[in-house]
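# Give the three-dimensional model of this entry:
(2 chains)
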Amino acid sequence: MPAELENTSAVTVSTASGEASASSSGNQTAPPSTTTKKKRNLPGMPDPDAEVIALSPKTLMATNRFVCEICNKGFQRDQNLQLHRRGHNLPWKLRQRSSKEVRKRVYVCPEPSCVHHDPSRALGDLTGIKKHFCRKHGEKKWKCDKCSKKYAVQSDWKAHSKTCGTREYRCDCGTLFSRRDSFITHRAFCDALAEESARAQTVANSNSEEDPKLQMVATAATSSPPPASSAPVISAGLPIQNPELPEVQENPSIILNHAPSATCLDGSSSSNSSSNGCGSSNNSSNVFASLFASSAAAGSLQPQTSSFSDLICAMARSERPTTLSAGSAAEPTSLCLSSTSLFAPVGAERRQFAPLPQPAMSATALLQKAAQMGAAGTNASLLRGLGLTMTSSSPSEQQESLQWSRRMEAEPAPLAAGLGLGLPCEGGTATGLTELMMGQSSLFGPRPTTLDLLGLGMGSGGAPTGGLSALITSIGGGLDVTAAAASFGGGGSSPGRTWEEASERKPNSPPALL
Amino acid sequence: MDTVIYNPKPSYFMYSNVNQQGNDQAVDMRNNNQPPASQASTSHSSESAGDPCGPGKWAARLLRDCAKALSEKDSSRIHHLLWMLNELASAYGDCEQKLASHFSQALFCKATEMGELCFNTLSSVAERSRSFESARKMILKFQEVSPWTTFGHVASNGAILEALDGESKLHIIDISNTFCTQWPTLLEALATRNDETPRLKLTVVTTVSMERSVMKEIRQRMEKFARLMGVPFEFHVVSELYRLAELTKEELGVQDDEAVAVNCIGALRRINVKDRDAVVHMLHTLGPKVVTVVEEEADFTSSMDDFVKCFDECLRFYALFFEMLEESFLPTSNERLMLERECSRSILSVLACDEGDGGSCSTEESERRERGRQWCDRLKEAFSPVGFSDDVVDDVRALLKRYRAGWSLVLPQGDDDSGLYLTWKEEPVVWASAWKP
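Next up is the predicted model:
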């Protein structure tokens, strides 16, 4: 599996520490909290003290070995059978814990080529290893009648069967599909996937006229993890990457206040290349860090993230003059939000191929998720957290943004939950962010477009640049948006103040941006 | 009545000595053909709508009569019938009117020996108006509403995936007319394979009509999608369909450690009839693990010398196709209109362009279809058939379930027949097969 990563072009994660990449498989559920948190108890990153158990394939594949003699219902564990027997009024007995302190057990995959064969990547629970083995190395013998998709794990198949045919696949372009294969084909050929498509309507696929770039800003800002915890992480490479914005370096605390998201993401990059070290960066073990570390983007991520923080910073302190405009005037070709949602699955997909213990989402699901993320703000808190519901680019959005930011403050938990969801989802989100950053990076001047984030060849198309320029143009109307972004960043600390600042800044910025 | 209405338009039909004036005639014919046709459509479509089960298949009857008259060189009858057809036909009307329109065009060209000219004109017009955008829209829409093409994709992809299972370096040589729309699902399947994701090299042998700019668009999308799916991917284009028989392993970039699959969808019919066996042998020299062949079920070759017979077969096939389009698409669909225009050119080339004389590029696009059984005979010279596995058959069945009623799957009965047939209202229309050396 690691080989796959190496195969794809930009995956050279040379700077990523082994630890970081290893953790990526597991810690997606952990909010990007304190950087010193140990990553034990996470699947794929077991407690070193745990007892390593190697089960044979046969054992792992054995299903329902324990069968009730009354109703023939099978169980995978004796305890479950015993509990079941209780229902038949049969004698039952639960095994007692043999010792007071049970030693933690971890399980390795018997497949030698599998990453989880290595005890250091053992999985933490029996069900997990069973499902992993079945999914990854087992025969897919459960086949959906309707769409003929195959599953190795019966429960996966059941879950799929319940929804198969009932859901629709929606592409960024607004087209709906009832069939998975046509959706896949369409996705491959739709302009939403093409770098050239700079058109706004493909962007948000909400079919509204809302300005995608506006969303981009909001998205990036609002999708930040809980601010407090991530605050200490500062982009290491930031000052270096953006010499035109020296103030950033001078006063990192402002960045922190206004843009926790950026900082958090920066944390990830800093973990990849601490050589850039701007003292404050600690090897954050937050979600993003590990995600990025494991993803292809790791190496090239840094410039983007840092630039993003710059962006936020710049927005937050709008007295900053127009250094932005240089980049903004760039090529029209753009990477718009659609591509972010598009690319979201890339990371996630990659993760699927990467050795992960988690239930991997199918490629389709990821495509779909990508589309959904772009599609509607009506969905999960995660999506809303991404700011996709922000709909207007008109002056009035100020209000909305403000409200939004307040809501964000009021409900930090759902957002965090959203971010802490399943791994693939997480991957998607994170990568989406990366993409956002990528788009924005060009804002900050003629950054070379050769950065091949995620190995997507974005650089070659010159797409990243465009996103940015478009961003700027769109923002041109007023800095309110950016202000809003900043206020989001402000998080719980002092929203009111942030907002006021934003409002104040507003008049200043347009000239600068335009 | 005949004579009265006949008189105004005698000049269209010069069934001899038109070659010198061919150029003018072609333009003349097209210009004159269209306006009256559209007028006719307005008056006649209401008639036929009000009387759906009345004359029924009038187009087929008239066209057959006309074809017969043509083969008998009965010029006055040809005139008469063509005039009638011209009055009744419309490329924008109902199914019958469309059939009448496209086939009478072919008959007219045949009568005036202007087939090639007309074909070239139509082709260049089509070429000019064709863009990646429109082609993509048409193909994807067609796939969305009908399994006509997707049937072959699913069957071929299934056979390819099974034949290349476990291989780490795949090389698919794609000689087809699918604009690579077949491959995203295959890429997705490769990406979700249990074992390590293999490298995939895709070499597309383009047809003449596919322009470079179109391939460029496709390349970008394929490469991007492969990255998205995490499949290591290489994309090559070879534009040599018409000397396919002379292509070699080296030219196609086939390497020894690659597991090769050759995918021919709607490709073999584009090759000159006399070159087909040579192409099959060339494919054999590539040492493929599997060759997938998908063709539309019609026979325009064995009856090449019998115009009426060939005409009947052509009419049968396209009547089915037009009916299928009618039931699959909305009446106002532009994609459908594009597909019908393609048919129109194909009809023209089969009926009015004489392949025997050869030479010009038009003859090379004649698309002389053969039936599955005939292809079997050719392919068996170099390959042996591979049956589709139950899994693949299930996949195809599942595919068909998701389209409207009327489609089904038929496994061939005879021994000398292999592959799968897609049927539309009990008529086999597309044939898919897999072969190994």
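# Restrict stretch B:428-435 to CA atoms and write it as CSV.
The C-alpha trace of stretch B:428-435 is given here as CSV (Å, rounded to 0.1, in the frame of the first residue of the first chain):
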residue,chain,number,x,y,z
PRO,B,428,-30.5,-8.2,-30.9
VAL,B,429,-28.9,-4.9,-31.4
VAL,B,430,-25.4,-4.9,-29.8
TRP,B,431,-23.0,-7.8,-29.5
ALA,B,432,-20.2,-8.0,-26.9
SER,B,433,-17.5,-10.6,-26.8
ALA,B,434,-14.2,-11.4,-25.3
TRP,B,435,-11.3,-13.3,-26.8
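# Figure out how far that stretch is from the centre of its chain.
Put simply, stretch B:428-435 sits 14 Å off its chain's centre (C-alpha atoms, centre = their mean, to the nearest Å).
# need the longest strand for chain B.
Of all the elements of type strand in chain B, the one with the most residues (DSSP state E) is strand B:427-436.
# what about the helices in the stretch 101-250 of chain B?
For the stretch 101-250 of chain B, the helices identified by DSSP state H, counting those that start in this stretch occupy B:115-129, B:132-145, B:147-163, B:183-191, B:212-229, in order along the chain.
# would you turn those helices into JSON lines with mean neighbour count?
The C-beta positions use only the backbone N, C-alpha and C, and glycine is treated the same way. Supplementary listing: these in JSON lines, determined by neighbours: other C-beta atoms under 10 Å in any protein chain shown:
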{"stretch": "helix B:115-129", "mean neighbour count": "18"}
{"stretch": "helix B:132-145", "mean neighbour count": "18"}
{"stretch": "helix B:147-163", "mean neighbour count": "25"}
{"stretch": "helix B:183-191", "mean neighbour count": "24"}
{"stretch": "helix B:212-229", "mean neighbour count": "20"}
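# can you list these in JSON lines and add mean pLDDT?
JSON lines is the format used below for the helices of the stretch 101-250 of chain B (pLDDT from 0 to 100):
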{"stretch": "helix B:115-129", "mean pLDDT": "80"}
{"stretch": "helix B:132-145", "mean pLDDT": "85"}
{"stretch": "helix B:147-163", "mean pLDDT": "92"}
{"stretch": "helix B:183-191", "mean pLDDT": "89"}
{"stretch": "helix B:212-229", "mean pLDDT": "85"}
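# Let me have the ones you listed in JSON lines, extended by distance to chain A.
As requested, those are exported to JSON lines (distance: least, C-beta to the nearest C-beta, whole Å):
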{"stretch": "helix B:115-129", "distance to chain A": "20"}
{"stretch": "helix B:132-145", "distance to chain A": "5"}
{"stretch": "helix B:147-163", "distance to chain A": "7"}
{"stretch": "helix B:183-191", "distance to chain A": "4"}
{"stretch": "helix B:212-229", "distance to chain A": "4"}
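# can you put these in TSV and add distance to residue B:424?
Supplementary listing: these in TSV, determined by distance: least, C-beta to C-beta, whole Å:
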stretch	distance to residue B:424
helix B:115-129	25
helix B:132-145	13
helix B:147-163	8
helix B:183-191	22
helix B:212-229	28
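# Out of these, which gets nearest to residue A:90?
Minimum separation from residue A:90 across the helices of the stretch 101-250 of chain B (C-beta to C-beta) falls at helix B:183-191, 46.9 Å.
# From the contact counts, what lies against the closest one?
Counting by 3 or more C-beta pairs under 8 Å, 6 or more residues apart in numbering or on different chains; DSSP states H and E, the packing neighbours recorded for helix B:183-191 are helix A:180-189, helix A:363-375, helix B:147-163, strand B:169-176, strand B:199-205, helix B:212-229.
# what about these, which gets the closest to residue A:172?
If we rank these by C-beta to C-beta, the stretch that ends up nearest is helix A:363-375, at 5.0 Å.
# If we ignore the residues flanking it in sequence, what's nearest residue A:83?
Nearest residue to residue A:83, sequence neighbours excluded (C-beta to C-beta, 6 or more residues apart in numbering or on different chains): residue A:92, at 7.0 Å.
# where's the one you found, which helix or strand?
Here residue A:92 sits in a region with no helix or strand, counting by DSSP states H and E.
# any idea how far chain B is from it?
Computed as C-beta to the nearest C-beta, to the nearest Å, the residue A:92 to chain B distance reads 39 Å.
# Count the neighbours of that residue for me.
Residue A:92 has 14 neighbours, counted by other C-beta atoms under 10 Å in any protein chain shown.
# which residues touch it?
A:82, A:83, A:85, A:86 (C-beta atoms under 8 Å, 6 or more residues apart in numbering or on different chains).
# how about those in a markdown table, adding pLDDT and distance to residue B:206?
Below are these laid out as a markdown table (pLDDT from 0 to 100; distance: C-beta to C-beta, whole Å):
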| residue | pLDDT | distance to residue B:206 |
| --- | --- | --- |
| A:82 | 84 | 66 |
| A:83 | 85 | 64 |
| A:85 | 84 | 68 |
| A:86 | 83 | 69 |
